[in-house]
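K.L.:
Sequence first, then the predicted structure, then my questions.
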Number of protein chains: 2
Amino acid sequence: MTGDLLIRSVRPWPNSLDVPAVDVLCSGGKLAAFGTGLTAPPGVPEVDGGGGVLLPAFTDAHAHLDSTRLGLPFRPHSAGTGLAELIENDRRNWRTAERTVSERATHTLGRTIACGATIVRSHAQVDVDSGLEKLEGVLAAREAHAHRAHVEVVAFPQCGILREKGTAELLDAALRAGADLVGGLDPAGYDRDPVKHLDVVFALAEKHQRGVDVHLHDGGSLGAFQVELICERVAALDMRGKVTISHAFALSTVDAERRRELVDLMAEHDVAVTTVAPGVRDPLPLRQLRWSGVRVGLGQDGIRDYWSPYGNGDMLDRTWQLAYRNGFRPDALIEMCVDVATRGGASVVGRTLGLTEGAPADVVVVPGDTVTAAVMDRAPRTLVVHEGRVVAAGGELV
Amino acid sequence: MTGDLLIRSVRPWPNSLDVPAVDVLCSGGKLAAFGTGLTAPPGVPEVDGGGGVLLPAFTDAHAHLDSTRLGLPFRPHSAGTGLAELIENDRRNWRTAERTVSERATHTLGRTIACGATIVRSHAQVDVDSGLEKLEGVLAAREAHAHRAHVEVVAFPQCGILREKGTAELLDAALRAGADLVGGLDPAGYDRDPVKHLDVVFALAEKHQRGVDVHLHDGGSLGAFQVELICERVAALDMRGKVTISHAFALSTVDAERRRELVDLMAEHDVAVTTVAPGVRDPLPLRQLRWSGVRVGLGQDGIRDYWSPYGNGDMLDRTWQLAYRNGFRPDALIEMCVDVATRGGASVVGRTLGLTEGAPADVVVVPGDTVTAAVMDRAPRTLVVHEGRVVAAGGELV
């Protein structure tokens, strides 16, 4: 039966060196039983976890699958500095990539799944240059991997909404064409009119009854102001639980008192946040956010594209980055990063993951003495299971 | 003949996708010729570089081989916060490790070499608890890999010099026992008397005619003051070119004008600096240091030990960290990080590496379209060559 599987010999998180391995029975796409010496019902396939660590599957809560060049010949970085130049550089180059958006997004989504993510939220750029081409490429990648992962797509106005006429209409078309959420980008700092930008975004969300995911790089008091504007709209439109702020550098660039206000405001309006564990910008206040009840997810951002050479499809690698950038050493804190990268991201997209009976059979097996050791070693994933089906093994799709 | 080797099919840095592969002839431990279709003299072994990128070998300019637990069962992090507690935690645990210091250091040095470093400067803790045991362990590891890498050992007063009676005498004994340099540790912030601490360090250096490598985590004006104290002693003892400041957080925690003064002072006294690309502390001003003529090296720091779970023996991985933490995207800047991790570190220990005829045949071959792609992919090293001999292949020692 679909979604039935017996996974032999894994050590479910929480684990330790002296916890014996168990078997896990999946039934109808759910985790059905944990125990030693379980017997597979007739016809149910068995796979060997090799005694590895069992984790919930990863969620990439913030990817840009439309721009990726992973797997193609490496191109030297050709952009100058600053967001406007990065946008222009992408425009100069994306059409002449060796493969179509669909092919590139499909490849990188496959790598992401092979590395253990079975839930992905990808932004797809919608602008007057590319129209809906990038969105259609990401939707095609989602279709190609429909049996391997749950993918959400954000209609993302990477070039602003107000700066180029026709973008709002394209976002509207994108939502009709299959985008799950409407995005936004630095309503003040880039698009120069935070109220008008957010009004367009939230009007589209209301019209199509979709969620919102706004890129907010703006920091300091300007960024904090826009967090407030977003929360005001969440309250007005009764959109608690349906809005995400991505990056949210404001949270790490205001003083402690203001940060407390913003975190409380986000918790009150159930506005989620995603981070990509950036290398230079200060980390988000992870513990404070989680203790306050804010849903926090982790994402890859761009993956070797015209914007940046970084990124490789591996959310366990990104989890390591999150721990490293926070200077976390105790196992409990490194495991918190794993939780952000798995269950946390799932909660951002409104789904539930976990290792309890009845939870979706979306799990990863990775070699390692403990969860922390697995994060440090970042070995290829032994198994990736989506809805009780093995979708990758030994680091490759099956 | 020893040190003779023909390496077939590599693309020496600088390279690009359309540069054809060449062969490299090593003779007497030196790089002797680059060209296509080279013929190996009779009896000279040939190895295949598989068209990979050829780099100078890596230099780990700042390791702590004495504390490593790499390859042993993973232990949860048991230390509280703060340097004093980290020191105490190590003291509570190191004697009960499953393997001796010598065995552990030998294993991790082997991994470091297998990942491409053929020059290593390791600190070895010298204190009243461990005496010279840790130093002897690192010296034994050096001996075990003597044909694979050049290793320098620093007699490192990890617990301060003045806080525990007898440490200065142990450092003296360590230098007699084979340590190459004398170390120091936060003369003000930890040992509480910067002048007295540095006077002990430099007196030992003068007595034994050895170099100095001081850990300086102290930041801001206190750290800057100690950079000045160090430079004053370099001038007084005519030790230009023989002194290193490790970490040097002062350089990233003072204002631009003060930083300029410190960098100029270090350049004037030819005081080198090493960084470990820390995840939380701000990066050093790499470009400013290099443009000013300061020798800069990269190191691994501790490698999965009682201090921290991070570190894996891989200097290419650490190079990626250096680039990521600086937010470098242009290939030239990422290649600068490779230069820091290879030739830069070599210069810190007073050696010369490079890819020119006559340079030591200490090279690494790594798969990748370009140098930047190799940093991003961090694939296992195809070949590691030390003095014209293959010491590792396919990521494993030979």
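P.N.:
Structure's in. What do you need? Predicted model, so just to flag it, every value in this text is computed and none were measured.
K.L.:
and the residue located most distally from the centre of chain A, backbone torsions?
P.N.:
No residue in chain A sits farther from the centre than A:Pro42, which is 36.8 Å out by Cα atoms, centre = their mean. Main-chain dihedrals, A:Pro42, degrees, to the nearest 10: phi -50, psi 130.
K.L.:
What of A:Val390?
P.N.:
Phi and psi for A:Val390, reported as degrees, to the nearest 10, are phi -70, psi 120.
K.L.:
For it, the count of nearby residues, please.
P.N.:
Other residues near A:Val390 come to 18 when the count uses other Cβ atoms under 10 Å in any protein chain shown. Quick note: C-beta positions are derived from backbone N, CA and C, even for glycine.
K.L.:
cool, and A:Thr100?
P.N.:
Neighbour tally, A:Thr100, other Cβ under 10 Å: 14.
K.L.:
same deal with A:Val398?
P.N.:
Residues within reach of A:Val398, counting by other Cβ under 10 Å, total 13.
K.L.:
My guess is it contacts A:Ala392. True?
P.N.:
Yes: the criterion here is Cβ atoms under 8 Å, and A:Val398 meets it with A:Ala392 at 6.0 Å.
K.L.:
Surely A:Val375 is within a helix?
P.N.:
Yes: the assignment for A:Val375 by DSSP: H, G, I helix; E, B strand; the rest coil puts it in a helix.
K.L.:
quick one: contacts for it?
P.N.:
A:Val375 sits next to A:Leu316, A:Thr319, A:Trp320, A:Ala323, A:Ile334, A:Cys337, A:Val338, A:Gly368 when contact means Cβ atoms under 8 Å, 6 or more residues apart in numbering or on different chains.
K.L.:
In ChimeraX, how would I select the buried members of these?
P.N.:
Those of these that count as buried under 16 or more other Cβ atoms under 10 Å in any protein chain shown are selected in ChimeraX with:
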select /A:316,319,320,323,334,337,338,368
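K.L.:
Narrow the contacts of A:Val375 to those in strands?
P.N.:
Using DSSP state E to define strands, no part of the contacts of A:Val375 is located there.
K.L.:
Please report how far the residue minimising distance to the centre of chain A lies from chain B.
P.N.:
Residue closest to the average C-alpha location in chain A (Cα atoms, centre = their mean): A:Ala61, at 1.5 Å. Separation of A:Ala61 from chain B (Cβ to the nearest Cβ, to the nearest Å): 20 Å.
K.L.:
now swap in A:Gly395 and tell me
P.N.:
Separation of A:Gly395 from chain B (Cβ to the nearest Cβ): 13 Å.
K.L.:
which non-adjacent residue is nearest that residue?
P.N.:
Take A:Gly395 and drop its neighbours on the chain: the residue closest to it by Cβ to Cβ, 6 or more residues apart in numbering or on different chains is A:Pro380, 3.1 Å away.
K.L.:
That neighbour - how many residues pack around it?
P.N.:
For A:Pro380, the neighbour count with other Cβ under 10 Å is 16.
K.L.:
Pretty sure it sits against A:Ala374.
P.N.:
No: under the criterion of Cβ under 8 Å, A:Pro380 is not in contact with A:Ala374, lying 11.3 Å apart.
K.L.:
which other residues reach the longest helix seen in chain A?
P.N.:
Criterion DSSP state H: the longest helix present in chain A is helix A:220-236. With contacts defined as Cβ under 8 Å, 6+ apart, helix A:220-236 is touched by A:187-189, A:194-195, A:198-199, A:202, A:212, A:214, A:216-218, A:239-240, A:242-243, A:245, A:248-251, A:253-254, A:258, A:262, A:265-266, A:268-271.
K.L.:
Mind checking which of those land in strands?
P.N.:
Applying DSSP E to those, the entries found in strands are A:Val212, A:Val214, A:Val243, A:Ile245.
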